[in-house]
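Chemist: sharing a sequence plus its predicted fold:
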Amino acid sequence: MSHRKSFTGTLLAAPLSITRNASAKLNQLLMVMFSITALLGSARESNADFVRAPTNVIASSYGAIAGGGEGVLNLIDQSGLSVGYDAGVTDFDTYLGGDPSHGVGSFDRWTQTGASGNIDFDMGAEFTLLRFALWNSPASKGDTAQIDSFTIFTSNNSSFLGATDVGSFTASPGGATNLAQVFDMTDTSARFVRLQINSNGGGPDTRAMEVIFDTSDAAVTAVPEPSTFALMGLVMIRTFAHGWRRRQTQK
């Protein structure tokens, strides 16, 4: 009788010990999966979109590229903005949410002869380009030089061979306070941007004040959603449980 009790106790104790070990391993696995999911979720939430302006103008069909006066470099140098920004640091939505305006001084704007043409920008590096913001020329005192319709192309080569059309838009003339107008482009990763101005307000010259882009880093590797990691965790747990049951059956 005592032998039977000892044998029964051994049978009961062995699965209990195995169950506890398996449970501990499962808990460790779950903790690792939840930690990874939490970290990825946190990283995803902190991924902001940043203000960036082109670092240079590499070509303009309107004529010579020059700074000062009403040269095209005035479009990207923050001159005339009521509030500046730190490129690659300032959040795009936060910045524009503060309603930065642009003055109308002739040394803070771009003006060149022609109703249509191209301006090619170099962003300085490859970024994911999301939105375009334009401070247009105000239609005050009968001014007809403001940008009207335009198309944006992006490319990773400065010759724009095989360029991507990321959207055609129509701008309004700048208002009395001259705030930015925002245009949602098709998201692309590129270094070079062509602003193709299709028409202006009807005058012989074309004028604008400033441009910026909403960007994020282009070289970020796609990260699975947290739900994907949760599914992977369940698959791993099921595989572990299946292997454990198999080992017990073989015993």
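Modeler: Everything's here; your move.

Chemist: tell me where this structure has strands.
Modeler: Taking DSSP state E, the strands of the chain run over residues 50-52, 56-60, 110-113, 117-136, 147-155, 164-170, 181-200, 205-217.

Chemist: packing partners of the shortest one?
Modeler: Which is strand 50-52. helix 92-97, strand 205-217 (3 or more C-beta pairs under 8 Å, 6 or more residues apart in numbering; DSSP states H and E). (C-beta placed from N, C-alpha, C; glycine too.)

Chemist: where among those is average confidence lowest?
Modeler: Lowest mean pLDDT of the helices and strands packed on strand 50-52: strand 205-217, a mean of 94.

Chemist: show me where pLDDT drops low in the chain?
Modeler: Along the chain, segments meeting pLDDT under 70 span 1-47, 64-68, 141, 218-251.

Chemist: ok so, going back, I'd like the helices and strands packed on strand 50-52 as TSV, with mean neighbour count and distance to Leu130 appended.
Modeler: Converted to TSV, the helices and strands packed on strand 50-52 look like this (neighbours: other C-beta atoms under 10 Å; distance: least, C-beta to C-beta, whole Å):
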stretch	mean neighbour count	distance to Leu130
helix 92-97	16	8
strand 205-217	23	4
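
Chemist: and these as a markdown table, adding distance to Val104?
Modeler: Compiled in a markdown table, the helices and strands packed on strand 50-52 are given as follows (distance: least, C-beta to C-beta, whole Å):
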| stretch | distance to Val104 |
| --- | --- |
| helix 92-97 | 19 |
| strand 205-217 | 8 |
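
Chemist: out of these, which comes closest to Ser168?
Modeler: strand 205-217 (16.2 Å; C-beta to C-beta).

Chemist: quick check: angle from that closest one to strand 147-155?
Modeler: 40 degrees (axes from the mean of the first three to the mean of the last three C-alpha atoms, to 10 degrees).

Chemist: all numbers from here: first residue = 38
Modeler: With the count now opening at 38, the last piece we talked about shows up as strand 242-254.

Chemist: sorry, back to before: which among the helices and strands packed on strand 87-89 is found nearest to Leu232?
Modeler: strand 242-254 (7.3 Å).

Chemist: and the closest one, what does it pack onto?
Modeler: Against strand 242-254 (3+ C-beta pairs under 8 Å, 6+ apart) you get strand 87-89, helix 129-134, strand 147-150, strand 154-173, strand 184-192, strand 218-237.

Chemist: 7 Å instead?
Modeler: Where contact means 3 or more C-beta pairs under 7 Å, 6 or more residues apart in numbering; DSSP states H and E, strand 242-254 is packed against strand 87-89, strand 147-150, strand 154-173.

Chemist: wait, which of the ones you listed is closest to Leu118?
Modeler: Nearest of the helices and strands packed on strand 242-254 to Leu118, taken as C-beta to C-beta: strand 154-173 at 7.8 Å.

Chemist: could you dump the closest one to PDB, C-alpha only?
Modeler: Extracted in PDB, the C-alpha atoms of strand 154-173 (Å, rounded to 0.1, in the frame of the first residue of the first chain):
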ATOM      1  CA  GLY A 154       8.400  77.400 -65.600                       C
ATOM      2  CA  ASN A 155      10.300  75.000 -63.400                       C
ATOM      3  CA  ILE A 156      12.300  75.400 -60.200                       C
ATOM      4  CA  ASP A 157      14.400  72.400 -59.200                       C
ATOM      5  CA  PHE A 158      15.300  72.000 -55.500                       C
ATOM      6  CA  ASP A 159      17.900  69.900 -53.700                       C
ATOM      7  CA  MET A 160      16.800  68.700 -50.300                       C
ATOM      8  CA  GLY A 161      20.400  67.800 -49.400                       C
ATOM      9  CA  ALA A 162      19.700  64.200 -48.700                       C
ATOM     10  CA  GLU A 163      17.000  61.600 -49.400                       C
ATOM     11  CA  PHE A 164      13.800  62.000 -47.300                       C
ATOM     12  CA  THR A 165      10.300  60.800 -47.300                       C
ATOM     13  CA  LEU A 166       8.300  63.800 -48.600                       C
ATOM     14  CA  LEU A 167       4.800  64.100 -47.300                       C
ATOM     15  CA  ARG A 168       3.400  67.600 -47.700                       C
ATOM     16  CA  PHE A 169       4.300  70.900 -49.300                       C
ATOM     17  CA  ALA A 170       3.700  74.300 -47.800                       C
ATOM     18  CA  LEU A 171       3.700  77.500 -49.800                       C
ATOM     19  CA  TRP A 172       3.500  81.100 -48.800                       C
ATOM     20  CA  ASN A 173       2.100  82.600 -52.000                       C
END
